[in-house]
Structures are given as C-alpha cells and as structure tokens.
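J.: Sequence below, structure please.
(2 chains)
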Amino acid sequence: AQSVSQHNHHVILSEAASLELGCNYSYGGTVNLFWYVQYPGQHLQLLLKYFSGDPLVKGIKGFEAEFIKSKFSFNLRKPSVQWSDTAEYFCAVNAPTNAGKSTFGDGTTLTVKP
Amino acid sequence: DVKVTQSSRYLVKRTGEKVFLECVQDMDHENMFWYRQDPGLGLRLIYFSYDVKMKEKGDIPEGYSVSREKKERFSLILESASTNQTSMYLCASSSPGTMNTEAFFGQGTRLTVV
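T.: From the prediction side, this is the model:
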C-alpha cells in the first residue's frame, strides 16, 4: 500500500515569506497527486491536483506544486504568504491499486504571523 | 458546486451509546467515504462505499459500521461509543474511477464521547 509523508508538522512564517511544504509518497507506478487545504472552521477543499502533463501545476490563491517523479515528491509552494493562508494542508495520493481511495499525509499546520 | 452535508457539526454522547453520523451528497457520486481526523495523524479512512449497499473496510474500521441504502446518503455508526472515538469525523464523496477523482468533503462532525 502506498504511504504519504509530509515533512513538516507545523510551519510558522511571517507575511510575505516564501513557503515550501514537502510531500513524498511511496508508490512506483502512475499516481494522481493532490493538495487539500482546511482553513480554520471550514471544510477540507482542493487546492490543486496533478494528473498528467506539465509537472508544475498551479492552484487557487497563488499556490503551485511541482511533481518530481524521480524523487517521488509533490512539494507545495507559494512565493509570498498572507495571513489568510493560515490553515492545515494535506497532501494526498491516488494510485490504481487503491481503487479510488486517497491516501493522505499527516498534514502540515501553517501559521502566518501578520 | 458539489455539496456534502453532515447532519451535525458538534455532538456529545455518552460512553456505550449507539451513535449515528449522517452524510448526504448532492452530486450523484458513486464513491463515499468516512474519515477520522486527529491532530498529527492526518485523515484515516474508516469505511468506503462505491455503490449502494456496497462497503469496504478502510484502515481503522474497528468499532464502526456503515450503511448505504441510498446513493446520496452514507451513515457511520458507532455501535457502542467509547472515549477513544472522540474525534473529528469527515465525510467525502467522489465520482467513480480509480485515479482521476478528487474528493469533496463535508464540514465535519466533532464528536465528544464522555
């Protein structure tokens, strides 16, 4: 079964700082990759996704992620964070062996100080 | 927009009670899921249903059961609630397929068992 590892459990940044959240997965075949975000008091929602094609994908609110197949990684980035980006971020993987069920990482809590 | 609605935002139940958590989706999705979200543990899959009356155990099914009598509704049942089931419960749905399917989440039910 595949697994997903998020390296940082809690990240604290000041506004305008750059963000990179790490995500690595363990599965050797074709995968679909997702980043979800959960703002305080809100439901989990999709931030961006990679299915195929350009490995650099852009999502909502200025976020982007790069799929590096050789490193089994799908890191999330944002050049300049805002206070409103304070949230919990989850990386997730779909693989053919998992029949539509996503495997989620443990999550990274991002706190942006104004 | 896909809407996944969970019947309660907050619940407080006593140890030993039978607890029902209800989830309804309005996008005619075949797949429905129940996850448990705990700090530092990410999302863990409890049960999965890919069609009416069909269900599959996830990673942590012990102490839980599910019911899917109608396509739009997926219920999670705690047969005899225990304090270690105090958690946030998330329902999700997705369209059929093993890969290119993002999940849509409800707002969550925070269950406290006393």
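
J.: which residues are contacting the longest strand seen in chain B?
T.: Longest strand of chain B, by residue count under DSSP state E: strand B:42-51. Outside strand B:42-51, the residues within contact range by Cβ atoms under 8 Å, 6 or more residues apart in numbering or on different chains are A:6, A:90, A:99-101, A:104-107, B:30-38, B:55-61, B:64-66, B:68, B:71, B:74, B:76, B:89-90, B:96. Backbone N, C-alpha and C define where each C-beta goes, glycine included.

J.: Can you flag which of those residues belong to strands?
T.: Short answer: the contacts of strand B:42-51 in strands (DSSP E) are A:6, A:90, A:104, B:31-38, B:55-57, B:64-66, B:68, B:74, B:76, B:89-90.

J.: Spatially central residue in the chain, please.
T.: Looking at chain A here, since you left the chain open. residue A:35 (3.5 Å; Cα atoms, centre = their mean).

J.: wait, I meant chain B there
T.: Closest to where the C-alpha atoms of chain B average out (Cα atoms, centre = their mean) is residue B:34, at 2.6 Å.

J.: Can you give me the pLDDT of residue 46?
T.: With no chain named, the answer covers chain A. At residue A:46, the predicted lDDT confidence score is 94.

J.: other chain: chain B
T.: For residue B:46, the predicted pLDDT is 96.

J.: low pLDDT regions in the chain?
T.: Since you didn't name a chain, this refers to chain A. A:1, A:99 (pLDDT under 70).

J.: Can you look at chain B instead?
T.: B:1-2, B:97-100.

J.: circling back to that earlier point, ok, of the ones in strands among the contacts of strand B:42-51, which come out buried?
T.: A:6, A:90, A:104, B:31-37, B:55, B:64, B:66, B:68, B:74, B:76, B:89-90 (16 or more other Cβ atoms under 10 Å in any protein chain shown).

J.: Around chain B, which positions in chain A sit nearby?
T.: Within chain A, the positions near chain B by Cβ under 8 Å from any Cβ of the partner chain are A:6, A:9, A:30, A:32, A:34, A:36, A:42-46, A:49, A:51, A:90, A:92, A:94-96, A:98-102, A:104-107.

J.: what's the first-to-last distance across stretch B:69-77?
T.: End-to-end distance for stretch B:69-77, by Cα to Cα, to the nearest Å: 14 Å.

J.: Which positions in that stretch come out as buried?
T.: B:72, B:74, B:75, B:76.

J.: need those in a markdown table with distance to chain A, can you?
T.: A markdown table is the format used below for the buried residues of stretch B:69-77 (distance: Cβ to the nearest Cβ, whole Å):
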| residue | distance to chain A |
| --- | --- |
| B:72 | 18 |
| B:74 | 14 |
| B:75 | 19 |
| B:76 | 16 |
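
J.: Now tabulate the residues you listed in TSV and tack on distance to residue A:63.
T.: Formatted as TSV, these follow (distance: Cβ to Cβ, whole Å):
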residue	distance to residue A:63
B:72	31
B:74	30
B:75	34
B:76	31
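
J.: Residue 80: neighbouring residues, count only.
T.: In the absence of a named chain, this looks at chain A. 12 (other Cβ atoms under 10 Å in any protein chain shown).

J.: Chain B was what I was after
T.: 11.

J.: next one: the one 4 residues further on
T.: Residue crowding around residue B:84 was assessed by other Cβ under 10 Å; the count is 8.

J.: Assumed it was part of a strand.
T.: No. Counting by DSSP: H, G, I helix; E, B strand; the rest coil, residue B:84 falls outside a strand, being helix.

J.: Quick check: the gap between it and chain A.
T.: Look at residue B:84 and chain A: by Cβ to the nearest Cβ, to the nearest Å, they are 19 Å apart.
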